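Peer 1: this is the structure alone, sequence omitted:
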C-alpha cells in the first residue's frame, strides 16, 4: 500500500510537471491571439474616413448574432444556433398592407444594382443614393445576365421550380429580410433587419423570383 501510494503520488507530480508547460504555452497562445485580434480590429477601424456620419459608422459594430458567429467561427453549437435563429425571427417586419409580392420590374432593378449605402474608405456614396440588392454578386438569376457570383445557389427558374404558393412566397420574403432566421451565420446579408431595403422593396425582389413573367422564370 505504501509503495502504491508513493507511486501514485509520484505519477501525479510528474503529470503536473509535464502538463504545466503545455498549459503555459496555451495561455501564451491565447493571449497572443487576443492581442492580434485587437490589432486587426484597430487597423480595420482606422481605414474608415473619420468624417463619415456617425450612423454610418455604427454599422461596423457587431450585434449579438454577429458576435456569436465570430466567436464560433460561423459554426456555433446547436443550442447557440437555435438561439440566434429564434432571436432573428423576432426581428421580422412585414409590409403595412400585408402584400408580399410586388412588381417584378422593380425587383429586377434592385437585383441588378450594387449602389447605395457604401461608407467607403475613400469616397462614400452621397446621401440619398438609392440602395440596391446586388443579388447577382452571389446568385444566378435572369438568363440575360451572364456575370454572376456562385457563393449562393442559382435562383434561375425559382418560381417555375417552386411555384408561387403562400408558403413559398413567405419563405422568399423572410429569407431576404433576414437570412439568419433559417440558417445562423449564413453569408447572405440581412437586407431588412437594418433597413438596407424596405419591406416594400423586398416584396419587389420576391416578385422577381416568383412571377411567371419575370425573366428569372423565362428561358
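Peer 2: Structure received. No experiment lies behind these values; they were computed from the predicted model shown.
Peer 1: helices along this protein, start to end?
Peer 2: For the chain, the helices defined by DSSP state H cover 2-46, 54-57, 64-71, 78-89, 104-112, 158-162, 166-177, 199-210.
Peer 1: tell me the domain ranges of the protein?
Peer 2: Structurally, the chain divides into domains by automatic domain parsing as follows: 2-46, 61-217.
Peer 1: return the most buried member of the ones you listed.
Peer 2: domain 61-217 (a mean of 16; mean count of other C-beta atoms under 10 Å). The C-beta positions use only the backbone N, C-alpha and C, and glycine is treated the same way.
Peer 1: circling back: mind checking which of the helices of the chain is nearest residue 127?
Peer 2: When those are compared by C-beta to C-beta, helix 54-57 sits nearest residue 127, at 9.5 Å.
Peer 1: and the closest one, what's buried?
Peer 2: Applying a neighbour-count criterion of 16 or more other C-beta atoms under 10 Å, the buried positions in helix 54-57 are residue 56.
Peer 1: tell me which of the domains of the chain lies nearest to residue 53.
Peer 2: Once the domains of the chain are compared by C-beta to C-beta, domain 61-217 is nearest, at 7.9 Å.
Peer 1: just the terminal-to-terminal distance for that closest one.
Peer 2: 38 Å (C-alpha to C-alpha, to the nearest Å).
Peer 1: that domain: how far from the chain's middle?
Peer 2: 10 Å (C-alpha atoms, centre = their mean, to the nearest Å).
Peer 1: could you dump the domains of the chain to CSV with mean pLDDT and distance to residue 52?
Peer 2: Converted to CSV, the domains of the chain look like this (pLDDT from 0 to 100; distance: least, C-beta to C-beta, whole Å):
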stretch, mean pLDDT, distance to residue 52
domain 2-46, 69, 11
domain 61-217, 94, 5
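Peer 1: reformat the ones you listed into a markdown table and put distance to residue 54 next to each item.
Peer 2: Shown next, in a markdown table, are those (distance: least, C-beta to C-beta, whole Å):
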| stretch | distance to residue 54 |
| --- | --- |
| domain 2-46 | 14 |
| domain 61-217 | 11 |
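Peer 1: is it true that residue 155 touches residue 217?
Peer 2: No - using C-beta atoms under 8 Å, residue 155 is not in contact with residue 217; the gap is 10.1 Å.
Peer 1: ok, the nearest residue to residue 44 once chain neighbours are set aside - contacts?
Peer 2: Using C-beta to C-beta, 6 or more residues apart in numbering and skipping the chain neighbours, the partner closest in space to residue 44 is residue 60 (7.7 Å). For residue 60, the contacting residues are 44-45, 48, by C-beta atoms under 8 Å, 6 or more residues apart in numbering.
Peer 1: what's the spacing between residue 147 and residue 140?
Peer 2: Here residue 147 is placed at a distance of 10 Å from residue 140 (C-beta to C-beta, to the nearest Å).
Peer 1: contacting residues for residue 149?
Peer 2: So residue 149 contacts 136-139 (C-beta under 8 Å, 6+ apart).
Peer 1: return the distance of it relative to residue 97.
Peer 2: For residue 149 relative to residue 97 (C-beta to C-beta), the value is 33 Å.
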